[in-house]
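> sequence-free structure coming up:
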């Protein structure tokens, strides 16, 4: 009986007080007290099971557009903060404008800003031909010599100065941006987000039930309870602490695990399509893939020969279009990062 009750306590952390009362009743030979304690423990177990099922259900729910763009913005800031910063001039009035609510300082003029505008022109042309042209697409250049590109839900695409320096022409740059657009239109990161959300909820609920739990754990548990509904988690009502926790979890997942092979192949296919629709030679994307290191730079990717093999059917499909597709030189504004 004692081992059984200890096992119940492990499952139902908030039932430890009930466990102690039950054990005391057993020691006294109090059959009625023992029965009451067992019933209390069973009630605690059911309570926790219900909360865990509620959290697990979050993984199966499709996030709303508002939730996708909301968490996407938070993750975008999170990922950008892990680099040397945004590659852009800052307007002189930035310091004065920051304390004023609602004031958004404009970027200053200069080669960094010109490069960002150039990347946005290419990216938004590609995005306009995508499956989700209505997203508020944002293309950001990051100040990092490591060649890399990544994206966040809701239309946020990042490319490093190192990657821009690595491409040979505008078509290859378009291929990189198109690949990241493919991750966003396919909602690839949202699967990881749903898992992160469910896990965070489950951990918070469990921590909130522990006697003498930390105040922030109790607060997070209460917040999840308040936000959970039959439909979705309403991030418009979420605290900054919860947003940070969810964005940290998703950013960690994307950086350490990536999107997975199937999603990478799908994003390559989207890049190929968008390049053709915008008049770029998709063969340049294949050339870029061939010279990139196997497995990607920072996040896991399939080996390049597999990625190229997956593109063969599309190459044949667009064979008749090849004559009209171009690989224009990079705009002179890109020379700022070219060595």
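Right, received. Where do you want to start? Just so it is clear, the model here is predicted, and its values are computed rather than measured. Numbering: from 1, shown residues only.

> what is the mean pLDDT for stretch 81-101?
Across stretch 81-101, the average pLDDT comes to 72.

> that should have said stretch 253-269, apologies.
Stretch 253-269 comes out at a mean pLDDT of 89.

> now it: buried residues?
For stretch 253-269, a neighbour-count test (16 or more other Cβ atoms under 10 Å) marks 253-254, 258-259, 263-269 as buried. C-betas here are computed from N, CA, C, even on glycine.

> just the terminal-to-terminal distance for it.
23 Å (Cα to Cα, to the nearest Å).

> over to stretch 287-305?
Stretch 287-305: ends 11 Å apart by Cα to Cα.

> rewinding a little: redo the buried residues of stretch 253-269 as TSV? Include secondary structure and distance to residue 175.
Converted to TSV, the buried residues of stretch 253-269 look like this (DSSP: H, G, I helix; E, B strand; the rest coil; distance: Cβ to Cβ, whole Å):
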residue	secondary structure	distance to residue 175
253	helix	25
254	helix	20
258	coil	18
259	coil	17
263	helix	17
264	helix	13
265	helix	14
266	helix	15
267	helix	11
268	helix	9
269	helix	12
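
> now do the contacts for the closest residue to residue 140 other than its chain neighbours.
Distances taken as Cβ to Cβ, 6 or more residues apart in numbering put residue 158 closest to residue 140, at 5.0 Å, once the chain neighbours are dropped. Going by Cβ atoms under 8 Å, 6 or more residues apart in numbering, residue 158 touches 76, 79-80, 139-142, 149-152, 180.

> weed out the non-buried ones from those.
Buried among the contacts of residue 158 by 16+ other Cβ under 10 Å: 76, 79-80, 139-142, 149-152, 180.

> okay, and residue 300 sits in which element?
Assigned by DSSP states H and E, residue 300 falls within no helix or strand.

> that one reaches residue 253, doesn't it?
No. Taking contacts as Cβ atoms under 8 Å, residue 300 lies outside contact range of residue 253: 11.6 Å.

> hey, which helix or strand in the protein has the poorest pLDDT?
Every helix and strand of the chain was ranked by mean pLDDT, DSSP states H and E. The lowest is helix 2-11, at a mean of 36.

> can you tell me how far residue 266 sits from residue 188?
7 Å (Cβ to Cβ, to the nearest Å).

> go on, residue 106?
32 Å.

> in three-state terms, label the residue nearest to residue 140 for me.
strand (DSSP: H, G, I helix; E, B strand; the rest coil).

> quick one on the thing from earlier: and the furthest pair within the buried ones among the contacts of residue 158?
141 and 152 (14.9 Å; Cβ to Cβ).
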